[in-house]
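**Student:** Sequence plus the predicted model coming up.
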Amino acid sequence: NAGVTQTPKFRVLKTGQSMTLLCAQDMNHEYMYWYRQDPGMGLRLIHYSVGEGTTAKGEVPDGYNVSRLKKQNFLLGLESAAPSQTSVYFCASSYARGARETQYFGPGTRLLVL
Amino acid sequence: LAKTTQPISMDSYEGQEVNITCSHNNIATNDYITWYQQFPSQGPRFIIQGYKTKVTNEVASLFIPADRKSSTLSLPRVSLSDTAVYYCLVGDGRSNSGYALNFGKGTSLLVTP
């Protein structure tokens, strides 16, 4: 099992450009999440999905959109990138929801917006 | 999710036992205590989870006193590869706000030779 994979690993964007981050999991998990992590801070939830075809907003959703067309994939889109979106983005998945359930994280995507 | 407080950083030498304590005074009856580990440039990974008393696995031990207002993650005989950030999380499986894991800032452990 590859677990949770993310592409790309690193990307540089100019302000106003758009891009899509791809997350894939092979554990047949229902729940998937996108977090961002900024220096010296914990992870903050951007969006999440409780199943194929469903998405919901997390703590910091502004400037991002998501889609879950297939159970194994969760896409994070930036329509018009801003320097404030420079961060490390982590995707995670879990079998069920709640703090008792282990979340499995991908290796992260490092994004720099100039 | 219950608020947690843990030291910002800790230093240790190789071979020593490291104990990281997390305070969670407002832990609820149904809450579990979970620890994650994050290596530099990687995503967090689950280490251990417990509800009360002591839990041990191949990586660490988790000590939880009877009042459950704190917990201690114990790493036996640390090595350089244990240098990481350790996060203490408290929550249950039934909370409607349980989608996000509240990682906070964690404890940055530095192990040196």
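**Tutor:** Alright, I've got the coordinates.
**Student:** make it CA atoms for all contacts and neighbour counts henceforth
**Tutor:** Will do.
**Student:** does B:Ile27 really touch B:Ser71, like I thought?
**Tutor:** No: judged on CA atoms under 8 Å, B:Ile27 makes no contact with B:Ser71 at a distance of 11.0 Å.
**Student:** Between the two, which is the more surrounded one?
**Tutor:** Using other CA atoms under 10 Å in any protein chain shown as the criterion, B:Ile27 and B:Ser71 rank with B:Ser71 on top: 26 against 21.
**Student:** What helix or strand is the more buried one located in?
**Tutor:** According to DSSP states H and E, B:Ser71 maps onto strand B:70-75.
**Student:** Give the next helix or strand downstream of that strand.
**Tutor:** Counting by DSSP H and E, the element that comes right after strand B:70-75 along the chain is strand B:84-91.
**Student:** B:Gln38: neighbouring residues, count only.
**Tutor:** Neighbours of B:Gln38 using other CA under 10 Å come to 19.
**Student:** how about it, what does it touch?
**Tutor:** Neighbouring residues of B:Gln38 by CA atoms under 8 Å, 6 or more residues apart in numbering or on different chains: B:44-45, B:84-86.
**Student:** How about B:Tyr32?
**Tutor:** When contacts are counted by CA under 8 Å, 6+ apart, B:Tyr32 touches A:99-100, B:49-51, B:90-92.
**Student:** packing partners for the strand holding B:Ser71?
**Tutor:** If contacts are counted by 3 or more CA pairs under 8 Å, 6 or more residues apart in numbering or on different chains; DSSP states H and E, strand B:70-75 sits against strand B:18-23, strand B:61-64.
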